[in-house]
Each structure stands twice: as C-alpha cells, then as structure tokens.
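In: Quick one: sequence plus predicted model below, questions after.
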Amino acid sequence: MKEQEHKPTAAELPAGGIVEAGTAAEFKTGPWRSIKPVWNKDKCIGCLTCWIYCPDAAIQIAQDPAGKKGMIVVGIDYDHCKGCGICSRECPPKISAITMEEEKK
Amino acid sequence: MVKPIFSKGKIVAKTGNEMMAEAMRQISPDVVAAYPITPATEIVQIFSQFVADGKVPTEFVAVESEHSAMSATIAASVAGARAMTGTSSQGFALMWEMLYIAAGLRLPIVMAEVNRALSAPINIHGDQSDTMGARDAGWIQIYSEDPQEAYDNMIQSVRIAEAAKLPTMVTTDGFIISHCMAAAEVYPDEDVKEFVGTYNPDRKLLDYKRPFTLGSIEMQDYYFEHRYQLAQAQRDAKKIILDVAKDFKNKFGREYGFYEKYKMDDAEIAIVTIGSAAGTTKAVINELREKGIKAGLIKIRIFRPFPADEIAKDLANVKAVAVLDRADSCSGTFAPVYSDVVSAMYANGVTGPKAENYVYGLGGREIDMNHIKDVYMHLDEVAKGKAQASKTVEYINVRIK
Amino acid sequence: MSKMIEVRWHGRGGQGAKTAALLFAQAVLSTGKYIQAFPEYGPERMGAPVQSFNRVSDDPITVHCSVTEPNYVVILDPSLIEAVDVTEGVGTQGKVIVNTSFSAEEMAKKLGIAKEQVYVVDASKISNETIGQNRPNTPMLGALVKVIGTLDIDGVLKDTRAKLEVKFRSKPEVIDGNITSIQRAYDEVKNS
C-alpha cells in the first residue's frame, strides 16, 4: 500500500503559495505511462534531439566516457517518463534508436 | 489658528488627490503602474509629473488599462519592488480578478483609491460602491475623512501592507475629498522616508539563486489552507495596524486607530459611518450636544480587517445606533457596513441597542447637516421608545414616491 | 467659537471661478485660518455657468456638504444674473459682490435684494488696466477680502505675490499687475 503523504497545514505552508523550484523531481509521473520508450544504445548516435524535445527531462545524459563527443544519452528515467512518445518520434528516422512498446502491467 | 502638530511639519492648502500624490512622492516606491480615471486621475498625473521632473526615481509604467495596471503592479511586487497604483470606480472594477490575485499571492501593494459610483447610469461622483464590492477580496481597506487623513493613511499603509503581507487600499470620497482643498500638514521627505523604511521582501522572483514558483494551481487538497492563511493574515493585521498607528503618533503626533470615536463616552444615540460624511456628522453632534442631546459618532477607518469586537464594545451602552452606508448591497436586506456592525454586536452579546440602516449619498448625492440631524432625531425617538427602529434599510435624500 | 464664513463663486467655464476659490483659500490659509475650497463638478464646458465654494474658519472645518446658505456670493460675470439664481440661499444677511460698472443700487434692483447687501467693483476694467486682459477673478479676491472685513489683506497680497513669483519668474510685469489688481479692487469695491 502507498504510504500516506504528509500534507502541510496552513501554519506550515509558506504564505502566498510559494513553491520551491525543482519539486517536479519529487513527483513520480512514471506510473502514468501506458506505452514506454525503449532506447537502443547501439543504434544511438548521441545527437541529443530526444533530450531537447522530452517535456519531462526524462532522457538521461552523461559525459561520453570515450571522450569522442561531449554529452551522450545514457538511458531513460522511467520514474518521470510519461510515455508520450515524443523522443521516439523525434529520433532521426534513419537511426530509430527509440521505439515505443506496450507497458507490461 | 492653523498650526502644525509635528515640530518639522508644514501647513499647506492641498486637495485629497494632491496629498495622496505627495505621499507617494515621499514614499518613493520602486514602481507605479497606473491608468487615469476621474476622479483619481490627478493622483497619478501629479505623480508622473514628479517622475518626469526627476523629483522621484520611481519607474512609472503607463499602461493601457486598469487590468494591466494591477497586473504590472503585481509583477513588480513579485519581482521584489515596492509597487503602487491608483484608480477609481470602473477602473477598480476592471482590476477585479487581479485584486484577488494580489491578495492571494500576499503582495504588499498599496493603492490610492478614490471612491466613485459604479455605472450604470454613468456617474463620476463619490460613493463607496466600488471598494465596498471588494470587501472580500483580501485587501486591507483604509478609508479617509479628509485630505490630511488620506496623506497620513498612505504613509502608514506602506508599513502595514509590508508587515501584514497584504495589499492595502487607501480611499477618499470622490470629488468631496479628492478635489476639496483644505488646510493640511505635510512632513519633511526625510522623516516620511525614515518612517516608511526600506522594503526587504523575504523572497523575490528575480532572485535566480533561490528560484521558486508563484501562482501555481492548487486543488481541493491545498487551496483551502492558503485561503485560510489569507483570512488569518487579516485577523493578524489588526495588531500591525495598531502598532504602526502607535509609531505614527510617536513620530508625527497624529492619533489613528481602527476607528475614531467622537463624543461616544456618554453617548445615548450614535451614528456609525465611513468617510467625509463623518466630518459633517461631527458638526451636527456639536449642535445637538448644545441642546443636551447625547449624540456620538463612530467613524470607521479600517473596514478590512473589520474591528468587530472593539466596535461592539463601544456600542454596547448606546440606546440606538444608525449605520450610514454610502453603498447599497442590493441584497434585498441591508448594506455592507450595517451587516458587519450588527453581526459584531450580536456575536458579542450586544443586543440592547436598537439598530437602523440608512443608505445615503449614492452618485455624490448631497448629505447635509439637516439630513444627519433627522437621523439623530429619529434615533432619539427610538431611544425613548416613542418610535420603532425600521426593520428594513432606509434611504436618505432620494425621491422614492 | 467664531462663526464660519461660507463663500460661493459664480462664473462661466473658463473664467477662473475654481482658480479664484483655490487662490483665495491658499491666501487666507497663509494668514492662519482654516480653509476649504471646492468646485462644483458637472458637465464642464467653456461658457457654461459654474460655481465654486470656500469655507473659512478659526477652527478646524469638518463639514463636507455643499454650501447652501453662503455669507458671501461673488459674481465674476454679471450676465449670469439672468441665467442662474445667484442669490439662492443668500437670505437677508448674505452679501453679494458683483463685477460690474453699475451702481450697487442698480444691481440691488436687478438682484431683487436690499441695497445694503450689494457691493460692486468694476473688476473687468481693473484687470484690463493692470493685467491687460479681462481676468476679473484675481481682482475679485481683493474685493472679497475687503467686504468680509476680518481678513488680512497684507497677508493675502504677500502670499499671492509669493505664488506668482514661482509661476511667472520671467514675467515680473504679470506679478505686479496681478498684485495691483487685487489692491485696486480692495480699494474700489463699494456699497453705493
């Protein structure tokens, strides 16, 4: 069973509805997904188009260990990916490194 | 003989609008965004002249509507600026949705407001329908009897707003005070600046090192807590208002509270009202007192937050009270000030005094000493058991039949 | 408590009735009295009959209703007598000051009040001769101060000069002309 979230009281909340930046990371939207992107490391050319387009910052990138490129894709953050499919759509057609698959429930 | 109360004060002849503009210059806000409307036009017109002449370093934003004026003022305030605006009537009405946003975001905006009737029919003259309509918007409301009070209230409002984190409006009666030149005292710039102090908000949206989101959506699970906070902030503001008034008296010598009591100590009959009519009422009381009639007045200065317990206590010993409203609720029953006064009395167990409600002065309709005298004469009869208090709202100086 | 003085000014839109009331209030304030000055706002049009008001008192003025029973009425334009009820509320004690070349007797007949209540001064002529324009509002200040009798003309002249010196620094002749016009109307206003 999901743990009960503590909701702050009026006395605890900052006045005026201030919400600190970066709170989206704490909100796991992965379970919203019905289809999921599957990333093929071997096909990926590291163009980062998917990273640019992903509306949920769910494309994980890191410094290229080989040192050939700057940043490369290293995986997908399934805790936050909602399965919108934009990454798959934007991946260059000749490369098709990301495909969408049914989410296995 | 007209004499200043503050040792460094100077006596001037100025209208309500001129005094409000003067206060704004001395407060020297970071941003003023405004759009002109009669009878408040002069306030921002004079102020924008101060800006053009380099007498105040404020960023003046001439916008294309009052909705934009309030929006720009909100944005400036969110960014961390001390921000002000001014308007009246229809312009105030056009700000409507933004008024609630300013309060909900807890922004200490100060507005110079001139009370004017709302259309239709079109009318440019004074009544309090505009701001009375916004009594539940979460703003602190401070009403002024004359140009001096308008000036003093503006100066105090900056500190009240910033300490309470609540937007605050200061009003005068349209034309009756906004355009009435009277003897008034102004204080030196440096003394006003010292009193007002500098604005150091906890958070500024332009602070990129501590970024935050403001104005987000809140559903059933959070909205209510924030609205409770807003209501509680109004309750907490009462102490702030009195503290600022105390400091003001210590500095400049003039005394202010939630309301002014005039000859209430032994009053048997009383009028409760707001704004310029209170001044006329004082003159009537002076005449009645000479005839041995124990008449008194409560002139409300702070309508939001409403000083309920205090007013109830001060009305507990009168035999009959009339609440004079310069706005109608069109509720089928009573007008706004009466509703609050009588609720306050009932909640405090003050059920002795007979209470009546009169609506007067809509669209600038004359209310003279005789009209007020008639109210007191009727109260006197009610107090003596010779007449019944009316169970419905009564109207002063209007052709009904 | 001394009695409050109430004044009503009659003019036509553009003639300076509002300005006269404001100037009068400022000048009288400088002599230590409490004052009020307020115009009657309606549809403002050049030439339309307009009114403005003053209150003067030794004590703070708290009343904010309109002036209905003026102690003094100042008429900047005598042609208004035909168009407006200029003696409304004047009663048998109020005094009326008219900018006219006619005698007080003749004006009293026109106004329908006692001769004792009527004062006349040719403010248009005075302003033409001193300012070079038909601007009766400034000289009428002097006439009003004289008729009221309890105000300090030197204080009024001093304050008005100070105000004009700020406004017309480069035109000293305008300042002198205005001051002379007030002094002349003060000297020339008469009840005959």
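Out: Good, I have the coordinates. Numbering: from 1, shown residues only, chains lettered A, B, ... in the order given.
In: only C-alpha atoms for contact and neighbour calcs from this point on.
Out: Will do.
In: At which residues are the helices of the stretch 201-350 of chain B located?
Out: With DSSP state H, counting those that start in this stretch as the definition, the stretch 201-350 of chain B shows helices at residue ranges B:223-252, B:277-290, B:308-315, B:336-347.
In: Same check on chain A?
Out: Shown for chain A, the helices assigned by DSSP state H span residues A:49-53, A:86-90.
In: Take the helices of the stretch 201-350 of chain B and lay them out in TSV including distance to chain C, mean pLDDT and mean neighbour count.
Out: Converted to TSV, those look like this (distance: least, CA to the nearest CA, whole Å; pLDDT from 0 to 100; neighbours: other CA atoms under 10 Å in any protein chain shown):
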stretch	distance to chain C	mean pLDDT	mean neighbour count
helix B:223-252	18	98	18
helix B:277-290	4	98	20
helix B:308-315	23	98	18
helix B:336-347	20	98	19
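In: before we move on, back to that, quick check: which of the helices of chain A is buried the most?
Out: Greatest average neighbour count among those goes to helix A:86-90 (a mean of 19), per mean count of other CA atoms under 10 Å in any protein chain shown.
In: Just put the helices of chain A in JSON lines and tack on distance to chain C.
Out: Converted to JSON lines, these look like this (distance: least, CA to the nearest CA, whole Å):
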{"stretch": "helix A:49-53", "distance to chain C": "62"}
{"stretch": "helix A:86-90", "distance to chain C": "64"}
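In: So which of these is nearest residue C:179?
Out: helix A:49-53 (78.1 Å; CA to CA).
In: got the buried residues for the longest helix anywhere in chain C?
Out: Taking DSSP H as the criterion, chain C has its longest helix at helix C:172-188. Residues C:174-175, C:177-186, C:188 are the ones in helix C:172-188 that count as buried (16 or more other CA atoms under 10 Å in any protein chain shown).
In: show me which of these neighbour chain A.
Out: For chain A, no contacts are drawn from the buried residues of helix C:172-188 by CA under 8 Å from any CA of the partner chain.
In: Make TSV out of the helices of the stretch 201-350 of chain B and add distance to chain A.
Out: Formatted as TSV, those follow (distance: least, CA to the nearest CA, whole Å):
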stretch	distance to chain A
helix B:223-252	5
helix B:277-290	36
helix B:308-315	24
helix B:336-347	26
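In: In contact with the closest residue to residue C:137 other than its chain neighbours, which residues are there?
Out: Among residues not flanking residue C:137 along the chain, residue C:20 sits closest, at 5.6 Å (CA to CA, 6 or more residues apart in numbering or on different chains). Neighbouring residues of residue C:20 by CA atoms under 8 Å, 6 or more residues apart in numbering or on different chains: C:137, C:138, C:141.
In: out of the residues you listed, who's nearest residue B:352?
Out: Using CA to CA, residue C:141 comes nearest to residue B:352 of the contacts of residue C:20, at 54.3 Å.
In: I'd like the distance from the helix or strand hosting that closest one to the chain centre, please.
Out: For residue C:141, the host element (DSSP states H and E) is helix C:137-148. Distance of helix C:137-148 from its chain centroid, counting by CA atoms, centre = their mean, to the nearest Å, is 5 Å.
In: who's in contact with residue B:39?
Out: B:88, B:114, B:116, B:124, B:125, B:174, B:175, B:178, B:179.
In: Nearest spatial neighbour of the closest residue to chain A within chain C, chain-adjacent residues omitted?
Out: Taking CA to the nearest CA as the measure, the point where chain C comes nearest chain A is residue C:64, at 40.3 Å. Nearest non-adjacent residue to residue C:64, counting by CA to CA, 6+ apart: residue B:280, 5.6 Å away.
In: Make sure residue C:135 is indeed in a strand.
Out: No. Read with DSSP: H, G, I helix; E, B strand; the rest coil, residue C:135 is coil and lies in no strand.
In: Just put the contacts of residue C:20 in TSV and tack on neighbour count and pLDDT.
Out: TSV is the format used below for these (neighbours: other CA atoms under 10 Å in any protein chain shown; pLDDT from 0 to 100):
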residue	neighbour count	pLDDT
C:137	29	93
C:138	28	93
C:141	25	95
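In: Switch these over to JSON lines; also include distance to residue C:83.
Out: Below are these laid out as JSON lines (distance: CA to CA, whole Å):
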{"residue": "C:137", "distance to residue C:83": "19"}
{"residue": "C:138", "distance to residue C:83": "23"}
{"residue": "C:141", "distance to residue C:83": "23"}
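In: Go through those residues and name the one nearest chain B.
Out: Using CA to the nearest CA, the contacts of residue C:20 come closest to chain B at residue C:141, 16.7 Å.
In: Go ahead and name everything in contact with stretch B:62-71.
Out: For stretch B:62-71, using CA under 8 Å, 6+ apart, the contacting residues are B:33, B:34, B:35, B:85, B:87, B:91, B:92, B:94, B:95, B:96, B:98, B:99.
In: Buried subset of the residues you listed, written for PyMOL?
Out: Filtering those down to the buried ones (16+ other CA under 10 Å) takes a single PyMOL command:
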select buried, chain B and resi 33+34+35+85+87+91+92+94+95+96+98+99
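In: for chain C, which spans come out with low pLDDT?
Out: Scanning chain C for pLDDT under 70 picks out C:1-2, C:43-44.
In: Can you tell me the closest non-neighbouring residue to the most centrally placed residue in chain A?
Out: In chain A, the residue lying closest to the centroid (CA atoms, centre = their mean) is residue A:58, at 1.2 Å. Nearest non-adjacent residue to residue A:58, counting by CA to CA, 6+ apart: residue A:77, 4.7 Å away.
In: distance of that neighbour from chain B?
Out: According to CA to the nearest CA, to the nearest Å, residue A:77 and chain B sit 24 Å apart.
In: What is the burial count for that residue?
Out: 14 (other CA atoms under 10 Å in any protein chain shown).
In: do residue B:44 as well
Out: Close neighbours of residue B:44, defined as other CA under 10 Å, add up to 27.
In: show me what contacts the residue nearest to residue C:64?
Out: B:368, B:369, C:62, C:63, C:64, C:65.
In: How about the residues of chain B by chain C?
Out: Contact residues, chain B versus chain C (CA under 8 Å from any CA): B:1-3, B:12-13, B:175-176, B:179-183, B:276-277, B:279-283, B:366-369.
In: So which of the residues you listed sit within strands?
Out: Among these, the members found in strands (DSSP state E) are B:12, B:13, B:181, B:182, B:183.
In: I figured the third one was touching residue B:14, is that so?
Out: What it means is residue B:181. Yes. With contact defined as CA atoms under 8 Å, residue B:181 counts as touching residue B:14 (4.8 Å).
In: rewinding a little: any idea how far the residue nearest to residue C:64 is from residue B:274?
Out: Distance of residue B:280 to residue B:274, given as CA to CA, to the nearest Å: 11 Å.
In: got it, and residue A:60?
Out: Distance from residue A:60 to residue B:274, by CA to CA: 64 Å.
In: Which one of those two is surrounded by more residues?
Out: The neighbour count for residue A:60 versus residue B:274, taken as other CA under 10 Å, is higher for residue B:274 (27 against 14).
In: for that one, phi and psi?
Out: Backbone torsions for residue B:274, taken as degrees, to the nearest 10, come to phi -130, psi 140.
In: Show residues contacting the longest helix of chain C.
Out: By CA under 8 Å, 6+ apart, the residues outside helix C:172-188 that reach it are C:121-123, C:126-127, C:130-131, C:138-146, C:157, C:160-161, C:164-165, C:168.
In: and it with helix C:137-148, angle?
Out: 30 degrees (axes from the mean of the first three to the mean of the last three CA atoms, to 10 degrees).
In: from the chain's centre, how far out does helix C:172-188 sit?
Out: Centre to centre, stretch against its chain (CA atoms, centre = their mean), the figure for helix C:172-188 is 14 Å.
In: how about the helix or strand bottoming out on mean pLDDT in chain B against chain A, any contact?
Out: One helix or strand of chain B scores below all others by mean pLDDT, DSSP states H and E: strand B:212-213, with a mean of 93. Yes. Counting by CA under 8 Å from any CA, chain A is contacted by strand B:212-213 at B:212, B:213.
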